[in-house]
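**Q** using only what follows, build the 3D model:
(one chain, ligands or ions: 1)
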Amino acid sequence: MPLFTPGRRWQPPFSPFERKAFGDRLLQGVEYAVKGPLFGCRMCGNCLLQETAFICSMECPKGARNGPCGGSTEEHCYVDETRPCIWYQVYDRAFRMNRQEMLLEVLPPLDWDKVGGETWGDVVRQVRKVGTRKVFTGLLSRNVAERAHTWEAVFRPVRQPEWWQGDSQYHGPKYQEPASELERRLKAGEFVVTAEVAPPISAKIDKMVKNIDIIKPYVAAVNFTDNPSAAPRTASWACSALSIKQGAEPVMQIAARDRTRVGLQSEVMGAADLGIRNILCISGDSMKMAPPPRGRMDIIDVDAVQMLWVLRRMRDEGLYLDGRQIKTPPVYFLGAAASPFASEPKFQALREHKKVNAGAQFFQTNLVYDAAHMEIWLNELAKRGILDKVYILIGITPLKTLKMATYMNNEVPGVFIPEPLMKRMQAADQAGNAQEEGVQIALELIEKIKKFEGQGVHGLHIMAVGWEEIVPRIVTEGGVLPPDFSPPAAPAVKEQAAAPA
Ligand code: SF4
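**A** Sure, this is the predicted structure:
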């Protein structure tokens, strides 16, 4: 190791330490000189410009390479409000150019051996492989199909390496028997309810265990969030394992934010060994929402769509991402988040379609306070023909205070509370009755949502945000009790010990 390495000092620590031939460095320089000013290219070495309507998606602070996160809006990126959501711009342009269906192809995570390098070299090598003359004659052909075929013969292997093989097709699960009780109930046509329980922030688990006991007779499964707001809590897999001991089926949430591709696959295998059969893949709240000091925001290794693709292939094809065979593959029911109120319904529907193709079997949506808008989103899903391929559980959160309603409406990405509901909460707050009003609003919403049973909606997902004891009342008064419901036994009243004389 030389004592003084001036060149390395300016090299980002994550760049591969390799000496490149002069020709490669020259090509790299030319590519950057052209694509930098034209597309804001960041030399990710895995160029997707053709699939993203010629807008470089590497500007997304969440590193999403397969579409927007649930916080995408027309106005700005929720992580960095000084700039637009790059994925909104990609979708907007793709729809205007009629290239939106190209966005369905599941694109691979970065190959870090290539980051910082050029992509044009790969294209040149592929042209040679196919045959330079064949490529030129194919691209100059008058036959449109032949031109498209030649184009794909060159570019598909460049953007879809052997270890990924992503496409735009639907890949249904390859197992027959339901992987979990939640899946069994959904397949049987039950209108199911799931509910969220917040993992503890200390090593004491009594409250979580109590909350599980309170809600388990009323729901099909209990979700354990994965460090919401990017603030550490007890791991979702550990809570899920504890939940199984308590007799409640868990849904383990797993956020892309905190996983490398290695960690993701390892954690899911471990979860399967512990008997966890429902897994929900999410992007995770940005580190921007975390308490200070701020952690790195750019360590996204796999996005939520890629997580689904990897986990589905592990289960159905018995393959790790690196191609190793899994002798006994894990079995699980795969879910994803859906966000009916982020950006435009047709954009969201495209994103949801991609998740279904990648492996999502059920959706738990972000909070819904406007059933009419939800219907527009459902119609967009119907146009894409995916309503019979995925179970949809609509997100419900009872509002407890006006402050909470204001926070949800203004700060939580992808949440919209209509003005009339805000006014009701304001009036109730002044009357000291906000909690009851919040419950009534939730019950009215459930009434409206139930009407979509059989039209794409298969149940509810209640996120009570620390108010778990309200779940039994909402499920009971909302008329969505499980068919096999039996009321929990009343807690035994302790007999008063006789006072000593
Ligand atoms: S809103 Fe989400 S998808 Fe859009 S740029 Fe920001 S982090 Fe990326």
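
**Q** need the three-state assignment for the residue lying closest to residue 486 once chain neighbours are set aside.
**A** Counting by Cβ to Cβ, 6 or more residues apart in numbering, residue 486 lies nearest to residue 217, which is 6.9 Å off, once chain neighbours are set aside. Just so you know, the C-beta spots here come from the backbone N, C-alpha and C atoms, and that holds for glycine as well. Look at residue 217: counting by DSSP: H, G, I helix; E, B strand; the rest coil, its state is helix.

**Q** and residue 217, how far from residue 444?
**A** Relative to residue 444, residue 217 is positioned 24 Å away (criterion: Cβ to Cβ, to the nearest Å).

**Q** the two - which one has more neighbours?
**A** When neighbours are counted by other Cβ atoms under 10 Å, residue 217 comes out ahead of the other of residue 217 and residue 444, with 18 against 13.

**Q** who's in contact with the more buried one?
**A** With contacts defined as Cβ atoms under 8 Å, 6 or more residues apart in numbering, residue 217 is in contact with 472, 482, 485, 486, 487, 488.

**Q** what's the burial count for whichever residue of the stretch 301-450 of the chain sits closest to the ligand?
**A** Ranked by Cβ to the nearest ligand atom, the top residue of the stretch 301-450 of the chain for proximity to the ligand is residue 413, at 7.2 Å. The tally of other residues near residue 413 (other Cβ under 10 Å) stands at 19.

**Q** what pLDDT does the residue of the stretch 251-400 of the chain found nearest the ligand get?
**A** Among residues of the stretch 251-400 of the chain, the one nearest the ligand by Cβ to the nearest ligand atom turns out to be residue 286. It sits 6.4 Å away. Residue 286 is assigned 90 on the pLDDT scale.

**Q** show the backbone phi and psi for the closest residue in space to it that isn't next to it in sequence.
**A** Counting by Cβ to Cβ, 6+ apart, residue 286 lies nearest to residue 79, which is 4.5 Å off, once chain neighbours are set aside. As for residue 79, its main-chain torsions (degrees, to the nearest 10) stand at phi -80, psi -40.

**Q** just list the residues touching residue 79, thanks.
**A** Contact partners of residue 79, counting by Cβ under 8 Å, 6+ apart, are 61, 62, 71, 286, 288, 297.

**Q** that older thread, most neighbours among the contacts of residue 217, which one?
**A** With neighbours defined as other Cβ under 10 Å, the most crowded of the contacts of residue 217 is residue 472; it has 18 neighbours.

**Q** correct me, but it touches residue 213?
**A** No: distance between residue 472 and residue 213: 11.0 Å, which falls outside the contact criterion (Cβ atoms under 8 Å).

**Q** right, and residue 332 touches residue 278 too?
**A** Yes: under the contact definition of Cβ under 8 Å, residue 332 touches residue 278, with a separation of 6.6 Å.

**Q** mutual contacts of those two, please.
**A** Common contacts of residue 332 and residue 278, defined by Cβ under 8 Å, 6+ apart, comprise 179, 180.

**Q** the two: who's more crowded?
**A** residue 278 (27 against 24).

**Q** how close does the closest residue in space to residue 220 that isn't next to it in sequence get to the ligand?
**A** The shortest distance from residue 220 to any residue that is not its chain neighbour, by Cβ to Cβ, 6+ apart, is 4.2 Å, and that residue is residue 192. From residue 192 across to the ligand, the span is 29 Å (Cβ to the nearest ligand atom, to the nearest Å).

**Q** pLDDT at residue 192, what is it?
**A** For residue 192, the pLDDT comes out at 98.

**Q** please apply the same query to residue 395.
**A** As summarised for this prediction, residue 395 has a pLDDT of 98.

**Q** next, it: phi, psi?
**A** The phi/psi pair for residue 395 (degrees, to the nearest 10) reads phi -80, psi 130.

**Q** since we're on it, how many residues are nearby?
**A** Going by other Cβ under 10 Å, the residues that sit close to residue 395 add up to 25.

**Q** please name the residues that touch it.
**A** By Cβ under 8 Å, 6+ apart, residue 395 lies in contact with 364, 365, 366, 367, 368, 460, 461, 463.

**Q** helix, strand, or coil at the second one?
**A** Here residue 365 takes the strand state, with states given by three-state DSSP.

**Q** now for it: which residues touch it?
**A** Residues in contact with residue 365, defined by Cβ under 8 Å, 6+ apart, are 337, 338, 339, 340, 392, 393, 394, 395, 461.

**Q** who does it bridge with?
**A** When assigned by DSSP bridges, residue 365 has beta-bridge partners residue 338.

**Q** tell me the residues of the protein that contact the ligand?
**A** Of all the residues in the chain, those in contact range of the ligand (Cβ under 6 Å from any ligand atom) are 60-62, 64, 68-69, 71-72, 77-79, 85-87.

**Q** now with 5 Å, please.
**A** When proximity is defined by Cβ under 5 Å from any ligand atom, the chain lies next to the ligand at 60, 62, 68, 69, 71, 72, 77, 78, 79, 85, 86, 87.

**Q** skipping adjacent residues, who's closest to the fourth one in space?
**A** I take that to be residue 69. In space, residue 69 comes closest to residue 283 once its chain neighbours are excluded; the distance is 4.7 Å by Cβ to Cβ, 6+ apart.

**Q** quick one: buried residues of stretch 394-412?
**A** Applying a neighbour-count criterion of 16 or more other Cβ atoms under 10 Å, the buried positions in stretch 394-412 are 394-400, 402, 404-406, 408-409, 412.

**Q** next: stretch 377-396.
**A** Taking 16+ other Cβ under 10 Å as the basis for neighbour counts, the residues of stretch 377-396 that come out buried are 377-381, 384, 386-387, 390-396.

**Q** and the strands in the stretch 201-350 of the chain?
**A** 221-224, 250-255, 278-282, 333-338 (DSSP state E, counting those that start in this stretch).
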